[in-house]
Structure formats: C-alpha cells, structure tokens
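Colleague: here is my input, please return the structure:
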Amino acid sequence: MASPVTLALVDPEPGATTALDEAEAVIREVARTCTRFEPSALTRANAAPDRWHRVPEAVAGAVLEAARAHEATAGRFDPRVLATLLAWGYDRTLPFDVGVALPAAVHAAPAPADAGPWSPRVRAHAGGWHVRLGPYPVDLGGIAKGLAVRWAAARLVGAARGHLVNAGGDCVVAGRAPDGRAWRVGVEDPSGGPDPVLALGLTDSACATSSVRRLRWRVGGREVHHLVDPHTGDPGGDGGLASVTVVHPDPAWAEVLSKDLFLTGAARIRQRAHDDGLAVAWVAPDGHVGTSPALDDLVIWRRDA
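Modeller: Residues are numbered from 1 along each chain as shown. The predicted structure is shown next:
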C-alpha cells in the first residue's frame, strides 16, 4: 500500500477481534497480490499480458473493477499507463525524493497515446480465476487500494457502533466517531504544510485524494508525475491542480473519480463536479481551495475561512 493502514472500531461488539483480523487479512492479501513492485500475481500476469493467467480472486476483482472504471470515464482511467510510467523510470516504490531525476528505462516503451478501449478478459474456470490483460501490462495500484479499503470495511460491518478504515488517505468511515459526532477527516495540504486545507465531517462515506505532492520527478530534463493522461501520453491535468479529493459512498470509486477529475483540469473541474453532483475539493498550486456545492455541506473548517 506504500502507506500506513489504520483499522478502528468504536464500541466493539463481541467477536470484533475476529472482524479486525479478517479486515487486516484482506488488506494484506490485496497488497501481496496486486503490487507491481515485487513478485506477485499481477507481475506474473504483466510479464505476458496477452496470455491467460490464473490469479487470486483479489486480482480478478481489481481487473474487473478497473475495466468498469475505464468504460465509465471514457478511457480517462486507464491502467495501461504503466508502460509510460516504466518508460519514465518509475519502476520502484516510494519513497523517492520529490523532483529527483530518474533514468529513463530503455527497455520499456510507452503505451501509444489514446490506445483505444481496454477490454481485459476475466473468467472463473476450474475452481479459480483467470485473467488476460491485453497487449500491455497494467498498474492496479490506486483502484486496488480503494478496493482493499472497501473489502476490509465490509468485514467490520456489525462489529461495532462505528468503524474506520484508512489506507494513506483512502478511507471509509461508518457510524459515529468515538465522541459521538461525525468523523472528522482532514484534506491534506498538497504543498506539504502541517495543517489540512479543509476538515470534513463524514458519516457512512468514503473519500480519496489524487495528488502530485509526492510523486513528481524528472526524466530527460522534463518534470513528470504519476497521473498520466492516457489520451496524450503526457502528465495529466492542465497545471492548475495540485490535488483533488472526492467524497463518495465507495472508496474505489472515490479513487477513480479523483483521478478522472484531476485529468479534467482546473478549467473544467467545477463544472464537471456540479453537473455530476459530485462532492469534490480541489487545491491549486498557489494554495487556493475550491469546493463543489455537494461538498460544501460536509465542510466543518476551512484554512482560508
């Protein structure tokens, strides 16, 4: 997950320890099988993406959900950008210093810009799951983390009066916080400041943030980041956004939408959020914070208020 994971229960019921153990096991299973940085079921499938591979259920589920997200976002969410990230030298996990120069990977070629629809195949066969990814390898990192949070939170339902699953900012909150109020969730300052830019009061919700705060580097004298626009093959966005946070009922879709809206860019994000009724906060490189009408009712504190 490349981040700490927190599981918390409020006023646990009998058997809550078992629920916590099951939730932790889900997180560990997704981290073990869906990573691209260490040998895993995903790396084996990526080594020959146009062949069928038997995979754990977590990988099959992540591929299916990623394909749905690809279709729903008209291709703006596209795990095939992995080929571009590898060509830019992003073949290692965090941490690496922001702005560091990475060597281009001469063995990796970017996926062609606007490669068309992605149609991976997934099937249940002979008591197991099999996937065929297509011509290019894929990165399931963000959506897999959102799914891990979703699946772990499902194990905690009924185990307590309230619960929290937080994986590096991708989170689910249910019921009430320990003080009996809504859970207070901070939106991180993408410039690295110690205080959040917003505090949100959430109940029975999920949220996720896409940011270029940590994952920016240089290759061939050019600054790049990990949010690649699959239609152009270039770093995504229009330069007017430093981070996008989405509140949504589901953590995996909060993750997908935060990336989709980041690629939409500062010039269009407000209209997109309004038209789709999405609860969104965005932060510009100069620190200005924007929010959609659907998010405003959730804001309990603003840095610039």
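Colleague: drop to CA atoms for contacts and neighbour counts, all remaining ones
Modeller: Fine.
Colleague: how about the backbone phi and psi for residue 118?
Modeller: Backbone torsions of residue 118, given as degrees, to the nearest 10, read phi -100, psi 120.
Colleague: that one touches residue 69, doesn't it?
Modeller: No. With contact defined as C-alpha atoms under 8 Å, residue 118 does not reach residue 69; the gap is 10.5 Å.
Colleague: between those two, which one's more packed in?
Modeller: The neighbour count for residue 118 versus residue 69, taken as other C-alpha atoms under 10 Å, is higher for residue 69 (22 against 19).
Colleague: for my notes, confirm that one occurs in a helix.
Modeller: Yes. Counting by DSSP: H, G, I helix; E, B strand; the rest coil, residue 69 is found in a helix.
Colleague: give me the number of residues near the nearest residue to it once chain neighbours are set aside?
Modeller: The shortest distance from residue 69 to any non-neighbouring residue, by C-alpha to C-alpha, 6 or more residues apart in numbering, is to residue 77 (6.4 Å). For residue 77, the count of nearby residues is 26 (other C-alpha under 10 Å).
Colleague: do the same with residue 39
Modeller: Neighbour tally, residue 39, other C-alpha under 10 Å: 12.
Colleague: repeat for the one 10 residues further on
Modeller: Each residue near residue 49 was counted by other C-alpha under 10 Å, and the total is 20.
Colleague: so where is the protein shaky, pLDDT-wise?
Modeller: Applying pLDDT under 70 to the chain picks out residues 1, 93-99, 104-114, 305.
Colleague: helix, strand, or coil at the residue nearest to the spatial centre of it?
Modeller: By C-alpha atoms, centre = their mean, the chain has its centre lying nearest to residue 142, at 3.1 Å. Secondary structure, three-state DSSP: residue 142 is helix.
Colleague: wait, it sits on residue 254?
Modeller: No. With contact defined as C-alpha under 8 Å, residue 142 does not reach residue 254; the gap is 10.3 Å.
Colleague: and the residue nearest to the residue nearest to the centre of the chain when sequence neighbours are not counted, how far from residue 179?
Modeller: Closest residue in space to residue 142, ignoring its immediate chain neighbours: residue 255 at 6.7 Å, by C-alpha to C-alpha, 6+ apart. Distance, residue 255 to residue 179, using C-alpha to C-alpha, to the nearest Å: 28 Å.
Colleague: and the two? Which one has more around it.
Modeller: A direct count of neighbours by other C-alpha under 10 Å for residue 255 and residue 179 places residue 255 higher, at 28 against 8.
Colleague: rewinding a little: the residue nearest to residue 69 contacts residue 260, correct?
Modeller: Yes. Using C-alpha under 8 Å, residue 77 makes contact with residue 260 at a distance of 6.3 Å.
Colleague: give me the residues contacting stretch 262-278.
Modeller: 76, 210, 227, 229, 236-241, 243-244, 246-248, 261, 279-280, 284, 290-295 (C-alpha atoms under 8 Å, 6 or more residues apart in numbering).
Colleague: repeat the analysis, applying 7 Å as the threshold.
Modeller: The contact list for stretch 262-278 (C-alpha atoms under 7 Å, 6 or more residues apart in numbering) reads 229, 236, 237, 238, 240, 241, 244, 261, 280, 292, 293, 294.
Colleague: what helix or strand is the residue in the chain sticking out farthest from the centre located in?
Modeller: Note on the chain: the largest C-alpha distance from the chain mean falls to residue 14, namely 32.7 Å (C-alpha atoms, centre = their mean). Under DSSP states H and E, no helix or strand contains residue 14.
Colleague: burial of the residue nearest to it when sequence neighbours are not counted, as a residue count?
Modeller: Distance criterion C-alpha to C-alpha, 6+ apart; nearest residue to residue 14, sequence neighbours excluded, is residue 159 at 7.5 Å. Close neighbours of residue 159, defined as other C-alpha under 10 Å, add up to 20.
Colleague: ok so, going back, how far away is the residue nearest to residue 142 from residue 292?
Modeller: 17 Å.
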